[in-house]
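> can you look at this prediction? I've put the sequence above it.
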Amino acid sequence: MGRILTEKDVEAAVKGGSVYAAGGGGWADHGRMLGYAAVSVGKPELVSIHELDANDWVATAAAIGAPASTTPWEMQGVDYIKAVSMLQDALGEKLSGLMIGQNGKSSTLNGWLPSAVLGTKVVDAVGDVRAHPTGDMGSIGLAGSPEPMIQTAVGGNRSENRYIELVVKGATAKVSPILRTASDMSGGFIASCRNPVRASYVKKHAALGGISLALKLGEAIIAAEGKGGTAVIDTIAKTTGGTILVEGKIIKKAVLYTKEAFDIGAVTLSCGSVLHVMNEYMAVDGRDGARIATFPDVITTLSPEGEPLSVGQLQEGMQIFVLHVPKKVIPLSSSVLDPTVYPSVEKAMGIELARYALDGAKG
């Protein structure tokens, strides 16, 4: 049976989602806004994919963009709802549920408000348990699909007349960049609903149970918070099935914002380890240069208090702990196992990923 999401689930989703954000941005406050709005106007319901009929329509609720605090973004809860209704209109049929492309500080809650208002179920499935830099990595195998898809985007800074509503149809690879452009024009962050597929497809290709994982982790963090930072860090490692890979002081942070709206670079620790960044943490090398963790493993930096830190929060001189959850202990979607999603990221970062990511023997 489904689970009605309530006020106490909001903070758990934000806190658990923040660990799986893997250093990605997003805002915890945006997540709280979406969650509290949802539970106050209705009863969002979390369901397993097995509770839907094989032919039911499921789409992905997402927020697109990598807004720095310098961009004039504005995204209201109503934008997420409008994006879903516009997709339903274009499809000509009702959506039964919404999944998300990835967990994150706010993305774990992207489907809650439409669920509360429109009645679409929050499907316990994600395009990737952790956050990732490109939409392809969470596209559940649709990145290279020639099938025409529908994608919508809604939002923007109203006072600067940047508000945009957009419906595009076409192969995913061709229409996704249009939404990124719209996001940029709207002020850097826009709500989207995209790629309606049958529930049977989601069941086969998504990472199932990904939202429950974030909720369970968040509940454990909240329960440990009164016991101090070490207890929180231990709880995060134990609940995720991970370990603290390395700890150390940040001696160098060299991360640059590119015109393609990515933060790319590396963070070097006093212990000799290097964290490779493209919006999120994508790989960790040991002091000898040997690879010790690679996407789709979960890689997250924690403060001594156990707070997940995004790349943007890191500063030279900070002491951090690096959490590593090997890919073999988390559900994986078909998109993170798709060789075609890696070359563009490898090229942008200048490091190898696919060889490690697709190697079944390595955890």
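All right, it came through fine.
> the helix or strand hosting Thr235 packs against which elements?
Assigned by DSSP states H and E, Thr235 belongs to helix 229-240. Judged by 3 or more Cβ pairs under 8 Å, 6 or more residues apart in numbering; DSSP states H and E, the packing partners of helix 229-240 are helix 210-224, strand 243-257, strand 298-302, strand 319-325. Just so you know, the C-beta spots here come from the backbone N, C-alpha and C atoms, and that holds for glycine as well.
> how far does the next helix or strand after the last one sit from its chain's centre?
Downstream of strand 319-325, the first helix or strand assigned by DSSP H and E is helix 343-349. A distance of 19 Å separates the centroid of the chain from that of helix 343-349, by Cα atoms, centre = their mean, to the nearest Å.
> how about helix 343-349 as CSV, C-alpha atoms only?
Provided in CSV are the C-alpha atoms of helix 343-349 (Å, rounded to 0.1, in the frame of the first residue of the first chain):
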residue,chain,number,x,y,z
PRO,A,343,32.2,10.3,-23.0
SER,A,344,30.9,13.9,-22.7
VAL,A,345,31.6,14.0,-19.0
GLU,A,346,35.0,12.3,-19.4
LYS,A,347,35.9,14.9,-22.0
ALA,A,348,34.7,17.9,-19.8
MET,A,349,36.6,16.5,-16.7
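> in it, what counts as buried?
Applying a neighbour-count criterion of 16 or more other Cβ atoms under 10 Å, one finds Val345, Glu346, Ala348, Met349 buried in helix 343-349.
> in these, find the pair that's most separated.
With Cβ to Cβ as the measure, no two of the buried residues of helix 343-349 lie farther apart than Glu346 and Ala348, at 7.5 Å.
> one step back: in the helix holding Thr235, what counts as buried?
Buried residues in helix 229-240, counted by 16+ other Cβ under 10 Å: Gly229, Val232, Ile233, Thr235, Ile236, Ala237, Thr239, Thr240.
> so who does the nearest residue to the last one once chain neighbours are set aside touch?
Using Cβ to Cβ, 6 or more residues apart in numbering and skipping residues adjacent in sequence, the residue nearest Thr240 is Val325, 4.6 Å away. Residues in contact with Val325 (Cβ atoms under 8 Å, 6 or more residues apart in numbering) are Thr240, Gly241, Gly242, Asp297, Val298.
> can you list these in a markdown table and add pLDDT and distance to Gly92?
Shown next, in a markdown table, are the contacts of Val325 (pLDDT from 0 to 100; distance: Cβ to Cβ, whole Å):
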| residue | pLDDT | distance to Gly92 |
| --- | --- | --- |
| Thr240 | 98 | 41 |
| Gly241 | 98 | 43 |
| Gly242 | 98 | 44 |
| Asp297 | 98 | 41 |
| Val298 | 98 | 39 |
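> which of those count as buried?
Thr240, Gly242, Asp297, Val298.
> and Ile250, how far from Phe321?
As judged by Cβ to Cβ, to the nearest Å, Ile250 and Phe321 stand 12 Å apart.
> look at these two and report which has more neighbours.
It is Phe321, of Ile250 and Phe321, that has more neighbours when counted by other Cβ atoms under 10 Å, with 21 against 18.
> is that one in contact with Thr243, as I believe?
No. Using Cβ atoms under 8 Å as the test, Phe321 is too far from Thr243 to be in contact (10.4 Å).
> identify the residues contacting Ile64.
Counted by Cβ under 8 Å, 6+ apart, Ile64 has contacts Gly135, Ala153, Leu179, Arg180, Ala182, Ser183, Phe189, Ile190, Ala191, Ser192.
> which non-adjacent residue is nearest it?
Ser183 (4.5 Å).
> how many residues are close by that neighbour?
Ser183 has 28 nearby residues by other Cβ under 10 Å.
> over to Val154?
Neighbourhood size, Val154 [other Cβ under 10 Å]: 27.
> circling back to that earlier point, from the buried residues of helix 343-349, pick the one nearest Asp285.
Of these, the one sitting nearest to Asp285 (Cβ to Cβ) turns out to be Met349, at 12.2 Å.
> bridging residues for the residue lying closest to the closest one once chain neighbours are set aside?
Sequence neighbours aside, Met278 is the residue nearest to Met349 in space, at 5.2 Å (criterion: Cβ to Cβ, 6+ apart). Applying DSSP bridges to Met278 gives these bridge partners: Ile264, Glu280.
> packing partners for the lowest-mean-pLDDT helix or strand in the chain?
Lowest mean confidence among the helices and strands of the chain (mean pLDDT, DSSP states H and E): helix 172-186, at a mean of 90. Applying 3+ Cβ pairs under 8 Å, 6+ apart, one finds that helix 172-186 makes contact with strand 57-64, strand 148-155, strand 164-171, strand 190-198.
> domain assignment for the protein?
3-210, 228-357 (automatic domain parsing).
> setting aside sequence neighbours, what's the nearest residue to the residue sitting furthest away from the middle of the chain?
If you look at how far each residue of the chain sits from its centre, by Cα atoms, centre = their mean, the farthest one is Asp288, at 30.8 Å. Excluding the flanking residues, the one nearest Asp288 by Cβ to Cβ, 6+ apart is Gly272, at 7.8 Å.
> how about the contacts made by the residue nearest to the spatial centre of the chain?
By Cα atoms, centre = their mean, the chain has its centre lying nearest to Gln102, at 3.0 Å. Applying Cβ under 8 Å, 6+ apart to Gln102 gives the contacts Tyr20, Gly24, Val126, Gly127, Asp128, Val129, Arg130, Ala131, His132, Met137, Gly138.
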